[in-house]
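Colleague: coords please:
(one chain, ligands or ions: 3)
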Amino acid sequence: MHTADYISAIPELMRDRSLGEQPLAFIHTYGCQGNVSDGERIAGLLEAMGFGFTDDVNKADFILYNTCAVREHAEDRVFGNVGALKHVKRRNPNLIIALCGCMVQQQHITDRFKESYPYVNLIFGTHVIHRLPELLYRLLTGEKRVFELSQEDCTLHEDMPVRRDGRIRAWLPVMYGCNNFCTYCIVPYVRGRERSRDTDSIVREFEDIVKMGYRDITLLGQNVNSYGRSADCPARFPELLRTLDQTDGEYWLRFMTSHPKDCSMELLDAMKDCRHTARHLHLPFQSGSNEILQRMNRRYTRERYLELIAAARERMPDISITSDVIVGFPGETREQFEDTLSLIREVRFTSLFTFIYSPRKGTPAAEMEDGISAKEKSERMSELLRLQESIAAERCASMVDSVQRVLVEEQMSDGRLSCRTGGNIIIAADCAGDGAAYVGQFAEARVTAARNWTLAGELVTG
Ligand code: SAH
Ligand code: SF4
Ligand code: F3S
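Modeller: Numbers count the residues shown, from 1 in each chain. Ligands and ions are numbered 1, 2, ... in the order given. Presented below is the predicted three-dimensional model:
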């Protein structure tokens, strides 16, 4: 049977099992935008199989947790939430409970679900999303539990339907997997090797998204800078940006994540030249200490990182730079942590995603000596956050009275409009007249006040 046959067989099989007229799915996604994008493809498949969607687990006929393994905390929440489903399943024995995503690509985790959570019916890995119709079919035609975690099938499947979550921002994967093996990170183990989509498929999807009216489009990959290196396609990432930029329309083009080791001057030139690229670069530095960077296997130095920032600012003086940083990598000394603080002071990021190091089973860093206490790590984190907050507050204060081009994303309950700048800063803006009419439109906003790292303003209309 082909996927299409499984898809058309499901509605009939679900008819007797669902609580209402139409079977309803509840999907909850954890983790990065890559996972969000997978979730949208899974939702697309479920929609094709006749499912509607609900936010209420008690009304659902199919519950799916799309999991993340990047830190322990992310995994704990999944165990907690799946544990709570036991009662829901008791009330509705026909309920199908499924798990997918990065967490279940780890043998020790899947074993735990298999043994201790017998009411979980279906577990499938990150490489077999396209086979969901077949897996569901097997479940509905007699198999009690289905586990499909093969690592082998790494083919990219281009023909999956997509049910996007938003109407304004869209995610577009350009590559999957990661080859970098940073010593703290689980992603290469759970997502497999880098695979790039071919340029034509990306261009086709991109044009569709623009036509549908999406205005803020983010190209996704664990390391977008190595786009094309793993495929037969000759294009490289800067070239891909230039190609996509030729698509007419009013939209911003962003990308995530760039790895500093592969961030080239060609990329910065392309960003500068393209009409649609938002003036925003997310470039994770992880640590300001060369010794730690080396032990993390990041393959760039603090000096190289600062050189890239200078080169980006030289080309685009108004560029907004955001980053990821890890505090408390095994054995990180006070001095090494201070190198991180001084890098933050030097770069003055718009915002930072901050993480306390979390040991991941099977990664090299999890085996490294770590004499630093949890208390010390959390104190360092607070110190780092205080520093970043004061920088963000100063940056925001310096924007007061400026006029920014913004994309109006939604009207909030108090009537104000939540607007995003190209630099990824949110402005809560007042607006004369019908605010709802601006949602989804580009506009100009004058910044009137800064409150710490958020901005208030008013739309410049007329
Ligand atoms: N591919 C991206 C990052 C993906 S994971 C890159 O290389 O930049 C997102 C972020 O989670 C990382 O940048 C890192 O800061 C953080 N992270 C990953 N593994 C972690 C771990 N074991 N403990 C704490 N933070 C971690
Ligand atoms: Fe993880 Fe490093 Fe790959 Fe990013 S580049 S996903 S941090 S291994
Ligand atoms: Fe998490 Fe997997 Fe993304 S581990 S951060 S969901 S790639």
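
Colleague: buried sites along the helix or strand hosting residue 457?
Modeller: If you go by DSSP states H and E, residue 457 is part of strand 454-460. By 16 or more other Cβ atoms under 10 Å, the buried positions in strand 454-460 come out as 455-459. In this view, the C-beta of every residue, glycine as well, is placed from N, C-alpha and C.

Colleague: OK, contacts around residue 376?
Modeller: Neighbouring residues of residue 376 by Cβ atoms under 8 Å, 6 or more residues apart in numbering: residue 328.

Colleague: so how far does stretch 188-199 reach from one end to the other?
Modeller: For stretch 188-199, the first and last residues are 23 Å from each other (Cα to Cα, to the nearest Å).

Colleague: list the buried residues of that stretch.
Modeller: For stretch 188-199, by 16+ other Cβ under 10 Å, it's 188-192, 194-199.

Colleague: residue numbers of the stretch 201-350 of the chain in contact with ligand 1?
Modeller: 222-223, 257, 259, 284, 286, 324, 326 (Cβ under 6 Å from any ligand atom).

Colleague: repeat that with 8 Å
Modeller: Neighbours of ligand 1 within the stretch 201-350 of the chain, by Cβ under 8 Å from any ligand atom: 222-223, 257-259, 284, 286, 324-326.

Colleague: what number of neighbouring residues does the closest residue to ligand 3 within the chain come out with?
Modeller: Nearest to ligand 3 in the chain, going by Cβ to the nearest ligand atom, is residue 31, at a distance of 2.7 Å. Number of residues near residue 31 (other Cβ atoms under 10 Å) recorded here: 20.

Colleague: you'd agree it is up against residue 68?
Modeller: Yes: in this structure, residue 31 is within contact of residue 68 by Cβ atoms under 8 Å, at 2.7 Å.

Colleague: identify the contacts common to those two.
Modeller: Both residue 31 and residue 68 are contacted by 74, 101-102, under the criterion Cβ under 8 Å, 6+ apart.

Colleague: how about TSV for those residues, with pLDDT and distance to ligand 2 added?
Modeller: TSV is the format used below for the shared contacts of residue 31 and residue 68 (pLDDT from 0 to 100; distance: Cβ to the nearest ligand atom, whole Å):
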residue	pLDDT	distance to ligand 2
74	92	14
101	97	15
102	97	10
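
Colleague: between these, which is nearest residue 415?
Modeller: Nearest to residue 415 among the shared contacts of residue 31 and residue 68: residue 74, at 35.3 Å, using Cβ to Cβ.

Colleague: tell me how far the closest residue to the closest one other than its chain neighbours lies from residue 381.
Modeller: Counting by Cβ to Cβ, 6 or more residues apart in numbering, residue 74 lies nearest to residue 68, which is 4.4 Å off, once chain neighbours are set aside. According to Cβ to Cβ, to the nearest Å, residue 68 stands 20 Å off from residue 381.

Colleague: which one of those two has more residues nearby?
Modeller: Using other Cβ under 10 Å as the criterion, residue 68 and residue 381 rank with residue 68 on top: 23 against 17.

Colleague: the more buried one: what's it in contact with?
Modeller: Counting by Cβ under 8 Å, 6+ apart, residue 68 touches 30-32, 35, 74-75, 101-103.

Colleague: quick check: the farthest pair among these?
Modeller: Greatest spacing in those, by Cβ to Cβ: 32 and 75 (14.4 Å).

Colleague: thinking again about what came up before, can I get the buried residues of strand 454-460 in JSON lines with pLDDT?
Modeller: Shown next, in JSON lines, are the buried residues of strand 454-460 (pLDDT from 0 to 100):
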{"residue": "455", "pLDDT": "96"}
{"residue": "456", "pLDDT": "97"}
{"residue": "457", "pLDDT": "97"}
{"residue": "458", "pLDDT": "97"}
{"residue": "459", "pLDDT": "96"}
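
Colleague: intersect these with the contacts of ligand 1.
Modeller: Okay, of the buried residues of strand 454-460, nothing touches ligand 1 (Cβ under 8 Å from any ligand atom).

Colleague: poorly predicted segments of the stretch 351-462 of the chain, please.
Modeller: The stretch 351-462 of the chain contains residues with pLDDT under 70 at 462.

Colleague: kindly apply the preceding question to the chain instead.
Modeller: Ranges of the chain meeting pLDDT under 70: 152-155, 231-234, 462.

Colleague: hmm, try it at 80
Modeller: Scanning the chain for pLDDT under 80 picks out 150-157, 159, 230-235, 452-453, 461-462.

Colleague: who in it is up against ligand 3?
Modeller: Within reach of ligand 3 by Cβ under 8 Å from any ligand atom, the chain has these residues: 30-35, 67-70, 74, 101-103, 126, 186-187, 190-191, 222.

Colleague: which ones among those residues are found in helices?
Modeller: Those of those mapping onto helices are 33-35, 74, 187, 190-191, per DSSP state H.

Colleague: with distance to residue 422 added, can I get those in JSON lines?
Modeller: Converted to JSON lines, these look like this (distance: Cβ to Cβ, whole Å):
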{"residue": "33", "distance to residue 422": "18"}
{"residue": "34", "distance to residue 422": "22"}
{"residue": "35", "distance to residue 422": "25"}
{"residue": "74", "distance to residue 422": "30"}
{"residue": "187", "distance to residue 422": "28"}
{"residue": "190", "distance to residue 422": "33"}
{"residue": "191", "distance to residue 422": "29"}
